[in-house]
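Undergrad: here is a sequence together with a model predicted from it:
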Amino acid sequence: MSPDNIFESAGEASSNGGNSSERKLGYGAAVVETMAQIMREDESVFVAGEDVGAHGGVFGYFRGLQPEFGEDRVVDTPIAEQAIIGLGIGSAVQGLRPVVDLMFMDFICVAMDQIVNQAAKLKYMFGGGAKLPLTITTAGGAGLSAAAQHSQSLEAMLCHVPGLKVVMPSDAYEVKGLLTSCVREDNPTVFIINKRKLGDTCHVPEELFEIPLGEGHVVREGNDVTVVAIGRMVDEAKGAAEKLSNEGIDCELINPRTVQPLDIDLIVESVSKTGHLVIVHEAVRFGGIGAEIAAQVQEQAFDYLDAPVGRVAAPFSPIPFSPALEKQYIPDAERIVAGIKNLF
Amino acid sequence: MEITDEILIDLYKRMVRVRLFEEEAGRLAESARLPGFLHLYVGEEAVASGVCAALENQDQITSTHRGHGHLLAKGGDFNRMMAELMGKSTGYCNGKGGSMHICDLDLAMLGANGIVGAGVPISVGAAYANKLKKNGLISVAFFGDGATNIGAFHEAANMAAALSLPMLFVCENNEYAEYSPRNKTMAITDVIERAAAYGFPGAIVDGMDCVAVFEATSLAIEKIRKGEGPMMLECKTYRFYDHVGVKGTASNYRTDEEVEEMRKRDPLLVHETRLIDSEVMDAESIQAIKDEVQKEVDMSVEFAENSPSPELEDMLVDVYTTGESS
C-alpha cells in the first residue's frame, strides 16, 4: 500500500463518521486543515519541502495548500534536506514562520547539522537575540513495510539536544492543537506525524486551538499501574488497558504529547498513586525516551515504586522489512499487556 | 560605476578596523588572554570590506569560522566583539557564543559559524524571506574554498538557483582548507566553475584589492536586486596567519617564502598606495586613521577585561525563547 492510499483510505472521507454529533476529522486531514487555517490568519507562515506543493506531500498532508496559497507559500524544494532546514532557519531569523517538511523522519539524519548544530543552538550561541519560530514536520513510525530507512522513531536523538522541542501527536485532535502551538511557538519544534495514524479519525474542533507544549494528558485514570505511551502507542496501550481491566488491573494511561519538554510531574504524580510504571514506545528500548522517564521517576519517586520500572519498546535492531518480522518488532497491545503483568 | 573618494576612504577604514582588531586579538591569544580557538582574518580584509561596503545596511550576511572580519566590515562594535572573544557577559553573545558564533542581528549579520559551509543554507533562508517579503534586500553567504567541497554548499547553491533567490555567494578562496592546499582537496583550479554547474553566473575577483571586490559586488548585486537570481564571486585571497591562531605548530603546510610573497600584496598596502598615488589621502592622514582605530581597539581590550564574566545562573538562559510570542 502506498502512503497516498493510506491517506485516501480513511482520511477526509470519514470526516463525518461515527455516531457522534461532533465533527470528526482524519489525522492527516487535520494537518491540512490546521495549516490552511493558520496560513489564512498569518501571512508569515509558509510551507517548504520535497513535493509538498503540487503533489501535496507524499502522505497528502499538505494537499490543497498550494492551490490556495500559491507557489511562494507552499514551496516545492529540491531533495536537499540540509538546505530545506537552512531555508527554515534563515527565514525564521528574518521573522517568518516556516513549516519545513522532511518527508520521512529517517531523513533528519541527512540534515542533522542544520537541526542540531544550527537551529537548536542559534538562540543560545547568539546571546539570546534571535528567535527561531521554525516547525519541522516529518513522518515517523513503522508498520508499512517501509523497512529500515523509512520507518524509524528517532525522537530520543532529538530530545537529547537542548533548544529543540519534540512533539508527537497521538490522534487528529492533538495534531490540530499541537501543530497550532508549534507554528505559533518561537522555538524550533519537530512535529512527528505518525504515518500509520494518517487515516484515523476522531473529534476535532473546527476552529484553531492550542495544546500547550510540555503538558501531558491523562487518557485514562486508574489506580494500579501508570502506563506512559508515546505517539501511536497510546492506541495500543488503550487496548491493553481494556484487556487488563477485565483481569482486575486498573491502568492509568498517560500520553506525554510532547517528549521535549517532558511533563515529568504528571508522570511522577501518577506513579505516586499507582506505585507501578511501564513506558511504551515504538523506538528501540536502548537509550529511548523510556530510559529517561525511568531515570527521572526513580530520582523523584523511588519510595513509591513497588516494582522495577518496565519498558515495552522495539528490539535493538534496524526495522525489518518482512511484515512477519515487522509485526513482532513494533509493540502492540498484547506485548504491553505482558509487560504490565510482569510487574505484578 | 564611479568610485568616489568617499568610497575609497570608507573601504580603507573598514580594512583598518579589521586589521588592527585582528592583530590585537592575535597578540592577546598569544599571551593566553583569549580562551578558545581564534581564526584570524588578517590578509583577507579586502573581501569583507569590499563586499560589505557595497551592501545596504539591512542586506543579510552569513559568515564562517573566520568571521570577525565580516562583522567588523559590516559595522560591528569593537567593545562587544572583544568582550565576546574574552567570554564576557557584555559581549555580542553575552559571552556564550565566542569567536566562532559572533553575530549582530541588528546589522543583519546572521552569525559566524563553527561548521564549515553551514551558513550557506541559512543564507538561502534569509534570501527566501527577502523574496517573500519583497523587501528588495539580498543575502550574502561568505564561505571558504574548503566549504565548496561540502554538501551543504551544493544543496544551497542548487536551491538558491532553483528558487531564483536574491543571494550572492562569496567564496573567499585562500587556497587552503585548514592545512590542506586546494590542489589536494579539489580537482579544479577555480571554484567559480561550481557556480556554472548550478546555472548561475559568477566572476573571479582579485581578493587582495578592495576596489576590485567592491566593483564586482556592486555589479553583481545590481543584477541580483533586479531579480536575476543568485550570483557568485570567487575572491582569490590569502590568510597571513595560520588556520588557528597566529603561527601554529603545524606550519610546514606552506613555506614562509610563500607567505612573504603574498604579504607583498597585502590589501592594506595595495590600497594605501592607491590612496596616496591618486592623492585621495596622504601618509599622514592614513596614519591618523590607524592611530584613531588603534585607540578604539585598546579601549575595547580595556572594556572587555573590565567586564564581568557570565554568572552561573546565565547558563540556562536563552536555551529557549520563553514568554509571549510576538
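TA: Here it is on my side, so go on. Nothing here was measured: the structure is a model prediction, and the numbers come from that model.
Undergrad: every contact and neighbour count from this point should use C-alpha atoms.
TA: Noted.
Undergrad: near chain A, which residues of the stretch 1-150 of chain B?
TA: Residues of the stretch 1-150 of chain B lying near chain A by CA under 8 Å from any CA of the partner chain: B:92-98, B:101-103, B:105, B:111, B:115, B:118, B:120-129, B:132.
Undergrad: just the buried ones among the residues you listed, please.
TA: Among the residues of the stretch 1-150 of chain B next to chain A, those classed as buried by neighbour count (16 or more other CA atoms under 10 Å in any protein chain shown) are B:92-98, B:101-103, B:105, B:111, B:118, B:120-129, B:132.
Undergrad: now do the strands in chain A.
TA: For chain A, applying DSSP state E gives strands covering A:24-26, A:45-49, A:74-76, A:97-104, A:135-140, A:165-167, A:189-194, A:201-203, A:217-220, A:225-229, A:251-255, A:258-260, A:277-284, A:310-314.
Undergrad: and the residues of the stretch 1-150 of chain B next to chain A, which of them are in strands?
TA: Among the residues of the stretch 1-150 of chain B next to chain A, no member lies in strands (by DSSP E).
Undergrad: just the ones of the residues you listed in helices?
TA: Residues of those located in helices (DSSP state H): B:120-129, B:132.
Undergrad: B:Pro230: neighbour count?
TA: Using other CA atoms under 10 Å in any protein chain shown, B:Pro230 has 34 neighbouring residues.
Undergrad: what sits against it?
TA: Listed by CA atoms under 8 Å, 6 or more residues apart in numbering or on different chains, the contact set of B:Pro230 reads B:160-161, B:164-169, B:200-201, B:224.
Undergrad: helices of the stretch 151-300 of chain B, start to end?
TA: With helices called from DSSP state H, counting those that start in this stretch, the stretch 151-300 of chain B shows them at B:151-162, B:182-185, B:193-197, B:210-225, B:256-263, B:267-277, B:283-305.
Undergrad: CSV for those, including mean neighbour count, distance to chain A and mean pLDDT?
TA: Shown next, in CSV, are those (neighbours: other CA atoms under 10 Å in any protein chain shown; distance: least, CA to the nearest CA, whole Å; pLDDT from 0 to 100):
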stretch, mean neighbour count, distance to chain A, mean pLDDT
helix B:151-162, 23, 5, 98
helix B:182-185, 14, 22, 92
helix B:193-197, 16, 15, 97
helix B:210-225, 21, 18, 98
helix B:256-263, 13, 34, 93
helix B:267-277, 18, 30, 98
helix B:283-305, 16, 16, 98
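Undergrad: closest one to B:Val47 out of the ones in helices among the residues of the stretch 1-150 of chain B next to chain A, please.
TA: Distances from B:Val47 to those, taken as CA to CA, are shortest for B:Val120 (16.9 Å).
Undergrad: so that closest one versus B:Ala152, what's the distance?
TA: For B:Val120, the distance to B:Ala152 (CA to CA, to the nearest Å) stands at 7 Å.
Undergrad: nearest residue to residue 221 other than its sequence neighbours?
TA: Since you didn't name a chain, this refers to chain A. Spatial nearest neighbour of A:Glu221, chain neighbours left out: A:Glu252 (4.5 Å); criterion: CA to CA, 6 or more residues apart in numbering or on different chains.
Undergrad: nope, chain B please
TA: B:Leu168 (7.2 Å).
Undergrad: which strand residues bridge the one you found?
TA: Residues in a beta bridge with B:Leu168, per DSSP bridges, are B:Val140, B:Met231.
Undergrad: I figured it hits B:Ala127, correct?
TA: No: contact criterion CA atoms under 8 Å: B:Leu168 and B:Ala127 do not qualify, at 9.2 Å.
Undergrad: quick one: common contacting residues for the two?
TA: Common contact partners of B:Leu168 and B:Ala127 (CA under 8 Å, 6+ apart): B:138-139.
Undergrad: so what's the one residue sitting closest to the centre of chain B scoring on pLDDT?
TA: Centroid check for chain B by CA atoms, centre = their mean gives B:His70 as the closest residue, at 2.8 Å. Here the pLDDT value assigned to B:His70 is 98.
Undergrad: with adjacent residues omitted, what lies nearest to it?
TA: Leaving aside its sequence neighbours, B:His70 sits nearest to B:Ala48 (CA to CA, 6+ apart; 5.3 Å).
Undergrad: pLDDT value on the residue most central in space within chain A, please?
TA: Taking CA atoms, centre = their mean as the criterion, A:Met168 is the residue nearest the geometric centre of chain A, at 1.8 Å. Confidence at A:Met168, expressed as pLDDT, is 98.
Undergrad: need phi/psi at it.
TA: Phi and psi for A:Met168, reported as degrees, to the nearest 10, are phi -130, psi 90.
Undergrad: any buried residues in the helix or strand containing B:Ile7, and which?
TA: According to DSSP states H and E, B:Ile7 maps onto helix B:5-30. Across helix B:5-30, burial judged by 16+ other CA under 10 Å covers B:7-9, B:11-26, B:28-29.
Undergrad: touching, A:Asp101 and A:Ala48? I think so.
TA: Yes: A:Asp101 lies in contact with A:Ala48 (CA under 8 Å); the separation is 6.3 Å.
Undergrad: which neighbours do these two share?
TA: Among the neighbours of A:Asp101, those also in contact with A:Ala48 (CA under 8 Å, 6+ apart) are A:Ile84.
Undergrad: neighbour-wise, which of the two wins?
TA: Using other CA under 10 Å, the more surrounded residue of A:Asp101 and A:Ala48 is A:Asp101, with 28 against 25.
Undergrad: next up, phi/psi of the closest residue to A:Glu206 other than its chain neighbours, please.
TA: Spatially, and ignoring its direct neighbours in sequence, A:Glu206 is nearest to A:Arg23 (7.8 Å; CA to CA, 6+ apart). Dihedral pair for A:Arg23: phi -70, psi 140, per degrees, to the nearest 10.
Undergrad: around chain B, pick out the residues from the stretch 51-200 of chain A.
TA: Taking CA under 8 Å from any CA as the contact definition, the stretch 51-200 of chain A meets chain B at A:72-73, A:77-78, A:80, A:82-94, A:96, A:113-114, A:117-118, A:121, A:123-131, A:162-163, A:184-187.
Undergrad: burial of the closest residue to B:Ala157 other than its chain neighbours, as a residue count?
TA: Leaving aside its chain neighbours, B:Ala157 sits nearest to B:Tyr198 (6.6 Å; criterion: CA to CA, 6+ apart). Other residues near B:Tyr198 come to 18 when the count uses other CA under 10 Å.
Undergrad: likewise A:Ala139?
TA: For A:Ala139, using other CA under 10 Å, the count is 25.
Undergrad: alright, that wraps it up for me.
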